[in-house]
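Trainee: Dropping the sequence and predicted coords here.
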Amino acid sequence: MVHVHTCYTSHARQPRPTTTVLRCTNNSGSRRAHHVDLDLLRQDLIDHYPK
């Protein structure tokens, strides 16, 4: 079974300017909010994919 996530970002009341909130609703109707720190994510990508 494929899980479909519909996500959109929310920039309201975020703790840090680089933090965004992904609000996700999957195909079973449950909702979750994911706080994503874009700086940390970017650093992870740089670490995992060195030039």
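Mentor: Yes, it's here.

Trainee: Below-threshold pLDDT in this structure: ranges please.
Mentor: 1-20, 24-26, 51 (pLDDT under 70).

Trainee: which residues in it form helices?
Mentor: 38-48 (DSSP state H).

Trainee: For Leu49, grab the count of nearby residues.
Mentor: That one is not Leu; residue 49 is Tyr. 7 (other C-beta atoms under 10 Å). Any C-beta I mention is one placed from the backbone N, CA and C, and that applies to glycine too.

Trainee: I meant Leu45, not that one.
Mentor: Neighbours around Leu45, by other C-beta under 10 Å: 9.

Trainee: do the one 3 residues further on as well
Mentor: Using other C-beta under 10 Å, His48 has 7 other residues around it.

Trainee: before we move on, what about Arg23?
Mentor: Arg23, neighbours per other C-beta under 10 Å, totals 13.

Trainee: Same check on Val36?
Mentor: Residues near Val36, counting by other C-beta under 10 Å: 14.

Trainee: Look up how far Asn27 lies from it.
Mentor: Val36 sits at a distance of 21 Å from Asn27 (criterion: C-beta to C-beta, to the nearest Å).

Trainee: Check His34 too.
Mentor: 17 Å.
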